[in-house]
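Visitor: coords below, sequence missing:
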């Protein structure tokens, strides 16, 4: 018996189930909750439940949404003729948080991976083709992860979307900003050489 | 607008309010909740609320408890004649998690700190004296933090409890296990010299 309260023990266990939270952090978080005002804890509990109960998939981009159409696809300030294709819904957040991209998104729902039995038919490719056919799209930016599956899927999409008369680009792969050449792996250096640009 | 869903945004904000959780971790945790089954998230939300709604203070040790008397004070396997005095309820957990201490606890609720306006009358000292007077107590172990306030409070308790005919000890301060003498601060080295034991 390590705790003086069963409720505290249960909450600590719940926290320690979250990714990246060890037993010590879980215990600290449980004590933190104990000290928080009841209304704040109620808000937290409500936020947890509401996410599970209300969230759905955007009918346009397949991203996470509260309604049929997500806030980004609803946003009139966004450039709807520029579609960034990502693997997962959470990639939208990563790209959006830079504040640089002002277009919209399309979530593939994965990448082609024969070893995992995932083929093109398992991805949201048809809905992407429909979006291109039914709207004035200027450019499709492929922002898949720089690994074998991401590369293969980008190549496949390039082939499939090629006849649709839309510009298709891929985000650059190369050395991350702020790193030292010394510590970069050779695959990254090769990519950065291939992607060299005139200055 | 960074997220495609308001509910996800709210939950991310709630996670980022927790201590030690930055915006990136908060976002990762919110997505993790999205993927969890509803029943698991419900259990988590319930654990949060139950801790706030049901937890009280143990009438014996002032520790965290689900009932009038906490699980530790209720435990017949524990040595009730050995009381470890700690500053905060969470210190009980720290000492208990070692598995070495088989006695019971007494939570002071702080330390004497004139600068913060905390005097002996603000601490659970009278209830400690009552515990000593009304039970057969063999030893009081003072386990306050090794700082000025902790030291002053330990000295004060030593004086106050001295006439009660009970053995009073203090946990040893010295070099932490596994560290190098080279990296220890001089205050710790002085404490470890003062507390030297014959081998």
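Guide: Nice, I can see it. If you're wondering where the values come from, they're calculated on a predicted model, not measured in any experiment. Numbering: from 1, shown residues only, chains lettered A, B, ... in the order given.
Visitor: Helices along chain A, start to end?
Guide: All helices of chain A, identified by DSSP state H, fall at A:6-16, A:23-35, A:38-54, A:71-74, A:89-96, A:126-134, A:148-161, A:186-194.
Visitor: Residue B:70 is nearest to which of the ones you listed?
Guide: Across the helices of chain A, residue B:70 has its closest neighbour in helix A:6-16 (9.9 Å, Cβ to Cβ). In this view, the C-beta of every residue, glycine as well, is placed from N, C-alpha and C.
Visitor: tell me what that closest one is packed against?
Guide: helix A:23-35, helix B:38-54 (3 or more Cβ pairs under 8 Å, 6 or more residues apart in numbering or on different chains; DSSP states H and E).
Visitor: Show me the contact partners of the shortest one.
Guide: Translated: helix A:23-35. A:8, A:11-13, A:15-16, A:18, A:21, A:41, A:44, B:18-20, B:48, B:51-52, B:55, B:64, B:89-90, B:93 (Cβ atoms under 8 Å, 6 or more residues apart in numbering or on different chains).
Visitor: Buried only: go through the residues you listed for me.
Guide: The neighbour count (16 or more other Cβ atoms under 10 Å in any protein chain shown) marks A:8, A:11-12, A:15-16, A:18, A:21, A:41, A:44, B:18, B:48, B:51-52, B:55, B:64, B:89-90, B:93 as buried among the contacts of helix A:23-35.
Visitor: residue nearest the centroid of chain A?
Guide: residue A:91 (1.8 Å; Cα atoms, centre = their mean).
Visitor: if we can go back for a sec, now the helices of chain A as a markdown table including mean pLDDT?
Guide: Output for the helices of chain A, formatted as a markdown table (pLDDT from 0 to 100):
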| stretch | mean pLDDT |
| --- | --- |
| helix A:6-16 | 94 |
| helix A:23-35 | 91 |
| helix A:38-54 | 94 |
| helix A:71-74 | 92 |
| helix A:89-96 | 86 |
| helix A:126-134 | 93 |
| helix A:148-161 | 90 |
| helix A:186-194 | 78 |
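Visitor: Which among these is found nearest to residue B:150?
Guide: helix A:23-35 (19.3 Å).
Visitor: Please identify the buried residues of stretch A:142-156?
Guide: Neighbour count says stretch A:142-156 has A:142-146, A:149-150, A:153-154, A:156 buried, by 16+ other Cβ under 10 Å.
Visitor: of those, closest to residue B:195?
Guide: residue A:145 (55.5 Å).
Visitor: these two touch, right, that closest one and residue A:111?
Guide: Yes. Counting by Cβ atoms under 8 Å, residue A:145 touches residue A:111, with 7.4 Å between them.
Visitor: intersection of neighbour lists for those two?
Guide: With Cβ under 8 Å, 6+ apart as the test, residue A:145 and residue A:111 both reach residue A:87.
Visitor: For chain A, give the strand that spans the most residues.
Guide: strand A:79-86 (DSSP state E).
Visitor: and that strand, which strands flank it?
Guide: Each strand that pairs with strand A:79-86, with its direction, by DSSP bridges: strand A:103-107 (parallel), strand A:139-142 (parallel).
Visitor: Lowest average pLDDT across the ones you listed?
Guide: The weakest mean pLDDT among those belongs to strand A:139-142, with a mean of 90.
Visitor: Could you check how far that strand is from the centre of its chain?
Guide: 16 Å (Cα atoms, centre = their mean, to the nearest Å).
Visitor: One more: stretch A:17-25?
Guide: With Cα atoms, centre = their mean, you get 23 Å for stretch A:17-25.
Visitor: Just give me the neighbour total for residue A:35.
Guide: By other Cβ atoms under 10 Å in any protein chain shown, the residues close to residue A:35 number 9.
Visitor: what about it, distance to residue B:85?
Guide: 21 Å (Cβ to Cβ, to the nearest Å).
Visitor: Same question for residue A:187.
Guide: In terms of Cβ to Cβ, residue A:187 sits 59 Å off from residue B:85.
Visitor: Make CSV out of the helices and strands packed on helix A:6-16 and add distance to residue A:170.
Guide: Shown next, in CSV, are those (distance: least, Cβ to Cβ, whole Å):
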stretch, distance to residue A:170
helix A:23-35, 39
helix B:38-54, 37
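Visitor: quick one: which of these is nearest residue B:72?
Guide: helix A:23-35 (15.5 Å).
Visitor: tilt between that closest one and helix A:6-16?
Guide: 130 degrees (axes from the mean of the first three to the mean of the last three Cα atoms, to 10 degrees).
Visitor: Buried residues, helix A:23-35. List them.
Guide: A:25-34.
Visitor: mind putting those in JSON lines, distance to residue A:194 included?
Guide: Formatted as JSON lines, the buried residues of helix A:23-35 follow (distance: Cβ to Cβ, whole Å):
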{"residue": "A:25", "distance to residue A:194": "42"}
{"residue": "A:26", "distance to residue A:194": "45"}
{"residue": "A:27", "distance to residue A:194": "49"}
{"residue": "A:28", "distance to residue A:194": "47"}
{"residue": "A:29", "distance to residue A:194": "46"}
{"residue": "A:30", "distance to residue A:194": "50"}
{"residue": "A:31", "distance to residue A:194": "52"}
{"residue": "A:32", "distance to residue A:194": "49"}
{"residue": "A:33", "distance to residue A:194": "51"}
{"residue": "A:34", "distance to residue A:194": "55"}
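Visitor: Quick check: of those, which lies closest to residue A:174?
Guide: For these, the nearest to residue A:174 is residue A:25 (35.5 Å; Cβ to Cβ).
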